[in-house]
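In: Here's my sequence, what's the structure:
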Amino acid sequence: MTTKFDRISGTDEIFNNKEYQADSVIFNSIESARIEYNYDMYSDHKNVIVITAKKGHRVWLWTSSTIKDDTDKLIDICRFIRDCKIPQAEIYLKHDVAENFSDLYALTTLELNYVVKDEYSLAVYEYDGEKLDEPAGSDETKIIRIDKDNQQHVKLVTDFYRALSTEFGWDNKFERKVNEYLNMEHYALIKDGRMIANAAIGSPTEKYLRVKSVAVLGDERRKGYGYKMCVFVVNKIKERELTPMLYAHVGNASAVALWNKAGFKVKDKLYLLKLDNN
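Out: Numbering: from 1, shown residues only. Alright, predicted model coming up:
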């Protein structure tokens, strides 16, 4: 490997790179990581930022456009991420480097028996309008903010994600998902004493606040609850004078329809490369 990657802090000069700042909506998670402590950040101080979760499998990669066709540089990045030895790594990167990067990563990880488990595109959505009108509702539901220290709230969240775990393929990471969402700013739509829908948001950056989740139980869908929670969380973010943004799988037709209905527009595309240990 010829490119040298150093551990950096959230104040490193590379974050002032004009091209990086123009991409910040895409890499909102990198911006969030700069103000948190559960990530390790590395860079060549010029063209590349690699951020890895200290506990987890996600890797966020930013590269300047000057190296998207530089095979030697891309191989160096692949080898660096490989040597981080992250199990079941999920690598998020700009769409314009994805085709070369995914092929190169497969080649440079053969000795560690990694396999490519899945590859797909994520649309990056941004909402840049005014607050939304609340949909007409009824007295049968109410929205509460989840308190992770409230055992009744913990049970609501646990039951909610247990019901969704099979559909979303979370059987082997159910407890981690519950803990993840309990530690977010998390809102629940309550009906007849149970949580039937949710909305969760992440950490703010200078401009954006990411919608992390809007989900509805299967037997309560197509009743307007997803849109109700979408409007609720958008307005929560707008109250803070920030811009709502989110990532959505381009193949998820129902989610795409929901975001379009709420006025979100596609800003760009992101690529996700999922690896597994063979």
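In: from what I can see residue 276 touches residue 86, true?
Out: No - no contact is recorded between residue 276 and residue 86 when judged using Cβ atoms under 8 Å, the distance being 11.2 Å. Bear in mind the C-beta positions are built from the backbone N, C-alpha and C, glycine included.
In: okay, those two: which has more neighbours?
Out: Of the pair residue 276 and residue 86, residue 86 is the one with more neighbours under other Cβ atoms under 10 Å, namely 19 against 14.
In: Quick check: which element contains the more buried one?
Out: Using DSSP states H and E, residue 86 sits within no helix or strand.
In: what residues does the helix or strand where residue 260 lies touch?
Out: For residue 260, the host element (DSSP H and E) is helix 253-261. Residues external to helix 253-261 that are found in contact with it (Cβ atoms under 8 Å, 6 or more residues apart in numbering): 123, 125, 214, 226, 227, 230, 246, 248, 249, 250.
In: Apply the buried test to those residues and list what passes.
Out: Buried residues within the contacts of helix 253-261, counting neighbours by 16 or more other Cβ atoms under 10 Å: 123, 125, 214, 226, 227, 230, 246, 248.
In: mind listing the strands in the stretch 1-150 of the chain by residue range?
Out: Applying DSSP state E, counting those that start in this stretch to the stretch 1-150 of the chain gives strands spanning 6-7, 39-43, 48-53, 58-63, 90-94, 114-126, 141-145.
In: Would you mind saying which of the ones you listed lies nearest residue 266?
Out: strand 114-126 (5.0 Å; Cβ to Cβ).
In: who does that closest one touch, helix- and strand-wise?
Out: Using 3 or more Cβ pairs under 8 Å, 6 or more residues apart in numbering; DSSP states H and E, the elements in contact with strand 114-126 are helix 95-108, strand 243-249, strand 265-277.
In: distance between the second one and the chain's centre?
Out: Computed by Cα atoms, centre = their mean, to the nearest Å, the separation of strand 243-249 from the middle of its chain amounts to 8 Å.
In: Tell me the span between the first and last residue of stretch 136-149.
Out: This stretch, stretch 136-149, spans 32 Å end to end (Cα to Cα, to the nearest Å).
In: Show residues contacting whatever helix or strand residue 214 lives in.
Out: Of the helices and strands defined by DSSP H and E, residue 214 is found in strand 208-216. Residues outside strand 208-216 that contact it (Cβ under 8 Å, 6+ apart): 24-25, 28-29, 31-32, 126, 164, 181, 184, 196-203, 225-226, 229-230, 233-234, 237, 240, 242-247, 258.
In: Repeat the analysis, applying 7 Å as the threshold.
Out: Defining contact as Cβ atoms under 7 Å, 6 or more residues apart in numbering, one finds that strand 208-216 is touched by 25, 28, 164, 184, 196-202, 225-226, 229-230, 233, 237, 240, 242-246.
In: Repeat that for stretch 197-206.
Out: Contacts of stretch 197-206 from elsewhere in the structure, counted by Cβ under 7 Å, 6+ apart, are 28, 31-32, 35-36, 160, 181, 184-189, 209-216, 220, 225-226, 229, 232-233, 237, 240, 242.
In: go again using 8 Å as the cut-off
Out: Contacts of stretch 197-206 (Cβ under 8 Å, 6+ apart): 24, 28-29, 31-32, 35-36, 157, 160, 181, 184-189, 209-217, 220, 225-226, 228-230, 232-233, 236-237, 240, 242.
In: By mean pLDDT, point me to the weakest helix or strand of the protein.
Out: None of the helices or strands of the chain scores lower by mean pLDDT, DSSP states H and E than helix 95-108, at a mean of 82.
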